[in-house]
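> everything below, folded, please.
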Amino acid sequence: MNDASTPRAELQGPLRAAVEYGPLLVFFIANALGGIYAATAAYMIAASIALGVSWLLVRRIPVMPLVALVFVLIFGGLTIWLHDATFIKLKVTLVNALFGAILLGGLMFRRPLLQLVMGRSVDMDDEGWRKLTWRWGLFFFFLAALNELVWRNVSTETWVNFKVFGLIGLTILFAVLQAPLMMRHMKEQPDD
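Predicted coordinates:
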């Protein structure tokens with residue numbers, strides 16, 4: 001039985017990275033080998049498998065990847081069915097805008113929802129969670145706007161590179177830059 005004091009199992013290390021970033025790598029490789037429509041189909045399959053693996057190993061599916069999968073299946077399906085890459089490009093904008101809206105909307109109700117996403121892995125005070133949630137919410141809107149700017153002005157091949165490497169790189173950089181804020185707001189751990 002799992003009560004509130006028992007931490008939930010989570011994927012760790014290389015397995016977590018494979019589940020989170022593997023579908024994007026599959027998307028990139030499939031695009032190089034077969035173009036955007038083959039890449040979209042491969043991405044849909046790989047993202048579904050990744051969440052299936054997560055479920056099999058830890059009996060839970062993280063919320064953000066689940067939402068992203070729903071959008072991948074809908075917009076990927078439209079991309080393939082209508083043979084129009086606009087839908088898979090638009091998916092990135094919509095998912096980032098949705099995450100931004102959810103995070104900032106949660107703050108309107110005094111609920112830093114980022115705390116729910118990050119779980120017990122980070123133990124910060126309430127002010128730290130509010131500030132971090134604000135930053136991530138605004139960052140997701142920035143990514144949505146940046147994706148719109150890029151996909152409307154470059155080739156599909158360039159956009160794929162931006163999606164796989166640019167967005168991940170920017171996200172990692174942004175996450176690293178949040179470390180000072182997080183360190184300032186970490187709760188004191190009692191000495192054992």
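
> so where's the longest helix in the protein?
Criterion DSSP state H: the longest helix present in the chain is helix 126-151.

> does anything pack onto that one? Which helices or strands?
helix 86-108, helix 114-118, helix 156-161, helix 167-177, helix 179-184 (3 or more C-beta pairs under 8 Å, 6 or more residues apart in numbering; DSSP states H and E). C-beta coordinates here come from the backbone N, C-alpha and C atoms, glycine included.

> pLDDT below threshold where in the protein?
Residue ranges of the chain with pLDDT under 70: 1-9, 119-120, 189-192.

> hmm, 80 instead?
Within the chain, the segments meeting pLDDT under 80 span 1-13, 16-17, 61-64, 116-121, 188-192.

> related to what we said a few turns ago, need the helices and strands packed on helix 126-151 in JSON lines with distance to residue 64, can you?
Converted to JSON lines, the helices and strands packed on helix 126-151 look like this (distance: least, C-beta to C-beta, whole Å):
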{"stretch": "helix 86-108", "distance to residue 64": "7"}
{"stretch": "helix 114-118", "distance to residue 64": "6"}
{"stretch": "helix 156-161", "distance to residue 64": "21"}
{"stretch": "helix 167-177", "distance to residue 64": "12"}
{"stretch": "helix 179-184", "distance to residue 64": "18"}
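
> what's the closest of the ones you listed to residue 138?
Among those, the nearest to residue 138 by C-beta to C-beta is helix 86-108 (6.9 Å).

> what comes up buried for stretch 103-123?
The neighbour-count check on stretch 103-123 (16 or more other C-beta atoms under 10 Å) flags 103, 104, 106, 107, 112, 113, 114, 115, 117, 118 as buried.

> just the endpoints, please. Distance across it?
By C-alpha to C-alpha, to the nearest Å, the extent of stretch 103-123 from end to end equals 18 Å.

> what's in contact with that stretch?
7-8, 10, 62-64, 102, 124, 126, 129-130, 132-134, 136-138, 140, 182, 186-187, 189 (C-beta atoms under 8 Å, 6 or more residues apart in numbering).
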